[in-house]
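1. sequence first, then the predicted structure:
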Amino acid sequence: MQLGAFSISLAVKDLEASKRFYEKFGFSEFAGDASQNWLMLKNGSKVIGLFQGMFEKNILTFNPGWDQDAQELDSFTDVREIQHRLKASGVHLSQEADETTTGPASFVAVDPDGNPILVDQHV
């Protein structure tokens, strides 16, 4: 099962302050829109999403169909297949993708410690 690109999506109070902080660790902006209260920062293959006012908690995020540079992969495991496998193995999902569709979709699982895991396919 290929989960695609990985990032952590941080629920931040002040987008600009968080951006400046992570820039000190060598991260630089590579995607997003500050006017919409979100930015994606990158340091090598490490990716952090900064989201102001969008989430209550930090979220582990996987993007099937993308590599770490947000470039489309030639082959990947579709989000609906990942969802099907996880459900079959007993993982409870708090939000599900419509398995009758194709293309972009997402689902959310929550780990035993309450950490949300977003599997978000954009292609």
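-> Thanks, I have the structure now.
2. quick one, phi psi at Ala34?
-> phi -60, psi -30 (degrees, to the nearest 10).
3. my bad, should have said Gly90
-> Backbone phi and psi, for Gly90 under degrees, to the nearest 10, turn out to be phi 100, psi 10.
4. swap in Phe107?
-> With angles defined as degrees, to the nearest 10, Phe107 sits at phi -150, psi 160.
5. was I right about it contacting Glu81?
-> No: the pair Phe107 / Glu81 is not scored as a contact, 11.4 Å apart, by Cβ atoms under 8 Å. Placement of C-beta: from N, CA and C, glycine included.
6. neighbour count winner among those two?
-> Neighbours were counted for Phe107 and for Glu81 using other Cβ atoms under 10 Å; Phe107 has more, 23 against 14.
7. which residues does that one bridge with?
-> Per DSSP bridges, the residues bridged to Phe107 are Val119.
8. what about Lys19, how many residues close to it?
-> 19.
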